[in-house]
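Peer 1: below is the sequence, then the predicted model.
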Amino acid sequence: MRAMLRSHRADLRTRTYGNADLNPPAGPYEVVPVTATDGARLRVHSYGPADGDVIVLVHGWTCCLEYWNPQINAFAGEYRVVAYDQRGHGESELGTAPLTTDRLADDLSAVLAAALQPGQRAVLVGHSLGGMTIQAWAGRYPEQVEQRALAVLMTNTAPGNLIAETTVVPLFNRGLLRLPFVVGLLGLSARLVFPPIAPVQWLFRRQIMSLDSVGDIADFGMNIVRSCPARVRGKFGTLLSYLDVGRGAVNLTVPTSLVAGSADDMTPVVHTDRIADMLREAGSLDGYLVLPTGHLGNVEAYREFNGELARVAKSAFGIPAQAVGL
């Protein structure tokens, strides 16, 4: 099984699609050495000009840095794009410390310290667990927010209460009933595998993406998720079952934008609404976009997502949106 996973992860770095926007970045990259506070080594890559303004990408549960190919390909020509594997995912070590959101916040802090020059600030982008990591980081290190970030963009994410408000289980997908916690815990913590067979692919599209996601987009999304070891998927699923980053979003005092998916059953729009309320309280809500996607919004509708990220980046780095026709 481990050999198969290594082979599959290696395949992610070479697999090509008819849709070239999903392909591995063609340009060179720098490996940024990062060791977490518990000694775990994190895989961190930097693409684009070494002296460019920086965008940092933080992926979600069961993904890896290749998940961001559509964004790396779009932005690494103009910006320095930094992406990393969350611990246990991709080629990053799981480590020996207890798995908590504080630990993920520490990891992000370590990546920023290694990737940014003294005084440099970045645009932080988080998907799902990546957005939760950013909120946890802001809650744990509020002083770092304005030291390290110019702006934030989070997509398909939540502050907590994931099981109670999920609509991923058909019986509960109209929001009329709440999924019992123990059922959600067992489901999220299960060491699931995703064999590449038609019924599983259809179910993945139906429950995780949307049935409008087909062809290369659907294949890309499932290939990314399949790269995660079942043991890691289960451990992080348990973390997500109990996850509560509280009011960390209130500490995101830099311009912060949100993207939600109208068909996202994993993190329904209600979660994004809750984060938006906290950002309004902080006076930092910069944008709120709902795309017609499931949970993998920045892949399923990557052109629209990239348009929003371009707006955020241009504004953060001091280039008026009108100058680039946005």
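Peer 2: The structure has been received and is ready for your questions. Residues are numbered from 1 along each chain as shown.
Peer 1: do I have it right that residue 285 meets residue 273?
Peer 2: No: the criterion here is Cβ atoms under 8 Å, and residue 285 misses it with residue 273 at 11.2 Å. (Glycine included, C-beta is placed from N, CA and C.)
Peer 1: more crowded one of the two?
Peer 2: residue 285 (19 against 12; other Cβ atoms under 10 Å).
Peer 1: residues in a beta bridge with the more buried one, which ones?
Peer 2: Residue 285 forms beta bridges with residue 256, as assigned by DSSP bridges.
Peer 1: what residues are up against it?
Peer 2: 256-258, 276, 279 (Cβ atoms under 8 Å, 6 or more residues apart in numbering).
Peer 1: rerun that using 7 Å as the cut-off
Peer 2: Listed by Cβ atoms under 7 Å, 6 or more residues apart in numbering, the contact partners of residue 285 are 256, 276, 279.
Peer 1: repeat for residue 76
Peer 2: Counting by Cβ under 7 Å, 6+ apart, residue 76 has contacts 25, 27, 47-48.
Peer 1: once you drop chain neighbours, what's closest to residue 54?
Peer 2: residue 122 (4.0 Å; Cβ to Cβ, 6 or more residues apart in numbering).
Peer 1: wait, that neighbour touches residue 57, no?
Peer 2: No: between residue 122 and residue 57 there is no contact under Cβ atoms under 7 Å: 10.1 Å.
Peer 1: all helices for the stretch 51-200 of the chain, in order.
Peer 2: Ranges of helices in the stretch 51-200 of the chain, per DSSP state H, counting those that start in this stretch, are 69-75, 101-115, 129-140, 142-148, 162-165, 181-189, 198-207.
Peer 1: how far out from the middle of the chain is the second one?
Peer 2: Relative to the centre of its chain, helix 101-115 is centred 14 Å away, using Cα atoms, centre = their mean, to the nearest Å.
Peer 1: and the residue nearest to residue 54, how far is that from residue 91?
Peer 2: 22 Å (Cβ to Cβ, to the nearest Å).
Peer 1: same question for residue 215.
Peer 2: Relative to residue 91, residue 215 is positioned 28 Å away (Cβ to Cβ).
Peer 1: same thing with residue 80?
Peer 2: Residue 80 is 20 Å from residue 91, where distance means Cβ to Cβ.
Peer 1: which of the two has more neighbours?
Peer 2: Using other Cβ under 10 Å, the more surrounded residue of residue 80 and residue 91 is residue 80, with 22 against 17.
Peer 1: identify the bridge partners of that one.
Peer 2: Beta-bridge partners for residue 80, by DSSP bridges, are residue 54.
Peer 1: strands of the protein, start to end?
Peer 2: 29-31, 34-35, 41-42, 44-47, 54-58, 80-84, 122-127, 149-155, 256-261, 285-291 (DSSP state E).
Peer 1: now render these as JSON lines, adding mean pLDDT.
Peer 2: Converted to JSON lines, the strands of the chain look like this (pLDDT from 0 to 100):
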{"stretch": "strand 29-31", "mean pLDDT": "98"}
{"stretch": "strand 34-35", "mean pLDDT": "98"}
{"stretch": "strand 41-42", "mean pLDDT": "98"}
{"stretch": "strand 44-47", "mean pLDDT": "98"}
{"stretch": "strand 54-58", "mean pLDDT": "98"}
{"stretch": "strand 80-84", "mean pLDDT": "98"}
{"stretch": "strand 122-127", "mean pLDDT": "98"}
{"stretch": "strand 149-155", "mean pLDDT": "98"}
{"stretch": "strand 256-261", "mean pLDDT": "98"}
{"stretch": "strand 285-291", "mean pLDDT": "98"}
